[in-house]
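Enquirer: attaching a predicted model along with its sequence, questions to come.
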Amino acid sequence: MSTRIKNKTLQSMLAFWNEYKRYKGGVFGVAIILFILFLSLFGPYISEPNPTLFKGTHAPLAAPVWMGIFDPNYFPDQYLIDDTFQSQEEVNEWVLSVTSSEYFNASLTHIDDGYDDPGSLCIQISDNVSKEAPPGESPRVTVSVKKSFTWKYGRPPNLFRARVDFSGDFLGDNPDIVFAGVNAPYTFRWALYIGIEGMSASELVDYVAIRSGVQLIYGIDYDSHGIFVGSIRMKDITTTWKRTETSMQREITNVLFEKDAKLYIKLVLTYQIVNPDLRQQGTFRFKVDSILNIGYSYYYGLMGTNEYGADLFALIVDGAKISLFVGFVTALLNISVGVFVGLVAGYYGGKIDEILMRIVDFIMSIPGLPILIVLVFILDQMNVSRVYSIIIVLTVFGWIGPTRIIRSQVLSIKNTLFIEAARASGATNLYILVRHILPNVLPLVFIYVMTGVTSAILSEASLSFLGLGPDWNSWGKILQMASIGTVTGGSGGGGFGAWWYIFFPGFLLSLLGIAFMFVSTTLDTIFNPKRKGR
Amino acid sequence: MGLGKYIIKRSITGFITLLLVIAVNFFLFRIPAILFGVDPALMYGIQRLQNQWSQQGRPQEEILREIERLRKQWGIPGPNATFNEWMEAFYNYMGNMLTFNFGESLFTPVRPVLELLVTRLPYTILLLGLSTAFSIIVGIRLGIISAKNYGKKLDQTMMVFTLAIYAVPTFWIQVMCLVIFGRFLKVYPISGGISTYIYRDPLFRLMDLLYLFTLPVFTLVFASYGGWMFLMRNSLSDVLTEDYILTARAKGLDERVVLYKHAMRNAMLPVVTSIILAIAGIWTGAIITETVFNIPGVGSLLLVSVMNQNYPLAEMLFYFIAMSTIVANIVADISYALLDPRVKYD
């Protein structure tokens, strides 16, 4: 390829790269930085966008998936029941049972209405209005649908979660009366139960109590169906679609989900007449768009999950973006102030230099972390958003680094011959500063940015680790959440042996720091030839 | 000028800086009050104390008297204070700071703040004293080895290795070690802390304390020996290129003599100044370590005081930190002047 590259800048950049390539460390560093940049830009498309530390979609403290190799009992997330009822066949898998009643007719059917997808399971109840209820009695009917599944694995699930989308309506003359609330003719509630096939509810409660020590109170009504699934009990039905989600206590699921256990999920609807005068002719419909029961695995994701079940890989990708953002913004601010102050102090000298250097010495003599902490605290009192506080605080102490370097460089160039020549031919100070001195200072700027970014990222990580950072997912904050458990033995990661929670954020911080360090060492060697050999 | 005059001049400069620091301290913590009109009483929790006391049923004049006394002590004038009142508070404050009269803690207004500091000081000094000492020893030793083999393979590998370790955040290494040794190997108490209630015998308590300190000291040394190593290496390799070293070698002196008797004396100069400055940094440096390992030292006291908004405590700590840095700088400058006859004091 013998095409000549005409553009001079491009040519010099290529020549620079050829020189740079020779240093393996530098190339390694650039590769890492580019990788993390890539991760921060494209990461949200690979994993979920906008993760939050405190709410997750998966099991808590799950190990990374590749750790499953070592586990003979490994199983992936089990979607034990995942019905969206888009067809009649799905509805048919559920077994209906109705307590016999002269007042009500109940049936199970499939309808097309749905919440987020067409099709729902529908329990229809119609009231025999003509049948008079004896005074003082409140007739009712209990309708339940049940589906069984088998747990095939030797280990109970990490977490058992249930989710149901439901709503109700009334086909008749006066649906508003039925759903009126306080003065409605009927009350209708539903609950979700779980149980072991072949065991009655009282046997189940004893079974669970003996094996786990958890004493349950079963059923709220006279028919016992099983154990309540989490908090899905006495759910009210309205005409708007609702989604309810819950998870079950680990002690109970550990007992229920034995190897090859046959379990069932039962959805029980209770329908009762409370105001006999207001009984309506028509059909009450309880619609269930989807029922989801998941037995979560102990393994998830590339890097596991935290104590709330949030995917750590998504959090780390988010953190990459934040770290790079903080690092570069702070470094750029520092360098801007530093170049300005350094040029002025170095070039004009005299009193200004004296004063500026005194300020620099003063700030430098105060130890870093304590004053950062105090400043963040003060800014908090003034209700400054933590995001701005961090950047302000890091800049207030960061500008001195580049200032000193640039000032000494300016001092060494200031009295060279070509500056004198320029001055002799009538150049103004500003012209000399911008056209002659600045270009000679730029390599230093470049080198500084590399070290400046690392120190900014590490300082931000330290502050976040101590709890003084903003409410974002920076790697330091992830480490803070991870270590809270370790230190106080509470709900964090380390105390439970969730090493991935601690390892990955810190490892990436170190990697980034090392990468920038290699790059800056290489640049230093290139631009300061006197360091090359000795 | 002579050495004596230099010492005096340097001390005066230091003292002026100290006054400046006190002023900054005063205004920094009262910025919300001065600039934004936030009532200082609210910030300092005086309102809360007032409510607490009136709930406890103390008589009103007594409460007001107490509050007046606390206000004077902490240097916060009342709301809508005039400029003169602020200035008066400032002068009082300056006097208090200089005479080490720091007042009482915000949350237990009986115990002076100084007491809180003093009870925690030994732990921090022990922790950081040990780790600084070991870092220096290890760093200097490795720095000498590195400088002797400057540019060769050994030096290069050591440099890369040490640089990599130096770039790793300290708190991460500490938390990892805590998890490894505490949770997986179970040889270390994972919640850290000083277990003073277990042992009565002072010898056992000391041994328990030292055992507790092994991990923090080890991680601190591991993370910071790099700084000392670079310093020693650069300084020593610069000195080794000097002519007089060449002369000494040419004279046929043993390499060890050349190194320790001639080269080190000159190379140690920047190291000594750094050591003095590091001694000042002793009680400021351990904030993160003390938090991770749950050691009740001065560093964690600063963090706790800031988190709890315990202003008097935070002000005092900040003052001490700045003061020790200034004193250390003065001592370092003077000792540099003493050690190096080439330095001109001007």
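Expert: Happy to help now that I have it. Bear in mind the structure is a predicted one, so any value in this text is a computation, not a measurement.

Enquirer: for chain A, which segments are assigned as strands?
Expert: All strands of chain A, identified by DSSP state E, fall at A:78-83, A:95-98, A:104-111, A:120-127, A:140-151, A:159-172, A:186-196, A:227-228, A:235-236, A:242-247, A:261-273, A:282-296.

Enquirer: now do the second one: which elements does it pack against?
Expert: Helices and strands touching strand A:95-98, as assessed by 3 or more C-beta pairs under 8 Å, 6 or more residues apart in numbering or on different chains; DSSP states H and E, comprise strand A:104-111, strand A:140-151. For glycine as for every other residue, the C-beta is placed from the backbone atoms N, C-alpha and C.

Enquirer: taking the stretch 1-150 of chain A, what residue is nearest to chain B?
Expert: Using C-beta to the nearest C-beta, residue A:25 is the residue of the stretch 1-150 of chain A that sits closest to chain B, at 7.4 Å.

Enquirer: in space, what's closest to that residue - neighbours in sequence excluded?
Expert: residue A:518 (4.1 Å; C-beta to C-beta, 6 or more residues apart in numbering or on different chains).

Enquirer: and for that neighbour, the neighbour number?
Expert: Using other C-beta atoms under 10 Å in any protein chain shown as the criterion, residue A:518 is surrounded by 26 other residues.

Enquirer: what do you get for residue A:274?
Expert: Around residue A:274 there are 12 residues (other C-beta under 10 Å).

Enquirer: also the one 4 residues further on?
Expert: The number of residues packed around residue A:278, counting by other C-beta under 10 Å, is 15.

Enquirer: next, count neighbours for the nearest residue to it once chain neighbours are set aside.
Expert: In space, and not counting its chain neighbours, residue A:278 is closest to residue A:185: 3.6 Å by C-beta to C-beta, 6+ apart. Neighbouring residues of residue A:185 were enumerated by other C-beta under 10 Å; the total is 19.

Enquirer: return the most buried member of the helices and strands packed on strand A:95-98.
Expert: Most buried of the helices and strands packed on strand A:95-98 by mean neighbour count (mean count of other C-beta atoms under 10 Å in any protein chain shown) is strand A:140-151; its value is a mean of 19.

Enquirer: could you give the angle of that one to strand A:104-111?
Expert: In this structure, strand A:140-151 runs at an angle of 40 degrees to strand A:104-111, with axes from the mean of the first three to the mean of the last three C-alpha atoms, to 10 degrees as the basis.

Enquirer: could you list every helix and strand that strand A:140-151 packs against?
Expert: If you count contacts as 3+ C-beta pairs under 8 Å, 6+ apart, strand A:140-151 packs onto strand A:78-83, strand A:95-98, strand A:104-111, strand A:120-127, strand A:261-273.

Enquirer: in stretch B:15-31, what's buried?
Expert: Of the residues in stretch B:15-31, those buried under the neighbour-count criterion (16 or more other C-beta atoms under 10 Å in any protein chain shown) are B:17-18, B:21-22, B:24-26, B:28-30.

Enquirer: got it, and stretch A:176-189?
Expert: Using 16+ other C-beta under 10 Å, the residues of stretch A:176-189 that count as buried are A:177-179, A:184-189.

Enquirer: closest to residue A:318 among these?
Expert: When these are compared for distance to residue A:318, the smallest value, 41.0 Å, is given by residue A:189; criterion: C-beta to C-beta.

Enquirer: report the contact partners of that closest one.
Expert: For residue A:189, the contact set (C-beta atoms under 8 Å, 6 or more residues apart in numbering or on different chains) comprises A:234-237, A:269-270.

Enquirer: the same query, at a cut-off of 10 Å, please.
Expert: If you count contacts by C-beta atoms under 10 Å, 6 or more residues apart in numbering or on different chains, residue A:189 has them with A:220-221, A:233-237, A:268-272.

Enquirer: sort out which of those are buried, if you could.
Expert: Among the contacts of residue A:189, those scoring as buried are A:233, A:235, A:237, A:268-272 (criterion: 16+ other C-beta under 10 Å).

Enquirer: what's the spacing between residue A:468 and chain B?
Expert: 8 Å (C-beta to the nearest C-beta, to the nearest Å).

Enquirer: likewise residue A:366?
Expert: Remark: distance between residue A:366 and chain B (C-beta to the nearest C-beta) = 6 Å.

Enquirer: alpha carbons only: can I get stretch A:23-38 in PDB?
Expert: In PDB, the C-alpha atoms belonging to stretch A:23-38 read as follows (Å, rounded to 0.1, in the frame of the first residue of the first chain):
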ATOM      1  CA  TYR A  23       6.300  -0.300  24.000                       C
ATOM      2  CA  LYS A  24       4.300  -3.300  24.900                       C
ATOM      3  CA  GLY A  25       3.100  -1.800  28.200                       C
ATOM      4  CA  GLY A  26       1.700   1.200  26.500                       C
ATOM      5  CA  VAL A  27      -0.200  -0.800  23.900                       C
ATOM      6  CA  PHE A  28      -1.600  -3.000  26.600                       C
ATOM      7  CA  GLY A  29      -2.700   0.000  28.500                       C
ATOM      8  CA  VAL A  30      -4.400   1.500  25.500                       C
ATOM      9  CA  ALA A  31      -6.100  -1.800  24.800                       C
ATOM     10  CA  ILE A  32      -7.600  -1.900  28.300                       C
ATOM     11  CA  ILE A  33      -8.800   1.600  28.200                       C
ATOM     12  CA  LEU A  34     -10.400   1.100  24.800                       C
ATOM     13  CA  PHE A  35     -12.000  -2.100  26.100                       C
ATOM     14  CA  ILE A  36     -13.600  -0.300  29.100                       C
ATOM     15  CA  LEU A  37     -14.700   2.600  26.900                       C
ATOM     16  CA  PHE A  38     -16.300   0.000  24.600                       C
END
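
Enquirer: hmm, who's touching it?
Expert: The contact list for stretch A:23-38 (C-beta under 10 Å, 6+ apart) reads A:17, A:19-21, A:43, A:317, A:320-321, A:323-324, A:450, A:453, A:508, A:511-523, A:525-526, B:160, B:163.

Enquirer: now for chain B, the helix or strand with the poorest mean pLDDT.
Expert: helix B:40-43 (a mean of 66; mean pLDDT, DSSP states H and E).

Enquirer: flag every buried residue along the helix or strand that that helix is followed by.
Expert: Per DSSP states H and E, helix B:40-43 leads on to helix B:46-56 as the next helix or strand towards the C-terminus. Taking 16+ other C-beta under 10 Å as the basis for neighbour counts, the residues of helix B:46-56 that come out buried are B:46, B:49-50, B:53.

Enquirer: out of the residues you listed, which one sits closest to chain A?
Expert: Nearest member of the buried residues of helix B:46-56 to chain A, counting by C-beta to the nearest C-beta, is residue B:46, at 15.0 Å.

Enquirer: grab the nearest non-local neighbour of that closest one.
Expert: Residue nearest to residue B:46 in three dimensions, not counting chain neighbours: residue B:67, with 5.8 Å by C-beta to C-beta, 6+ apart.
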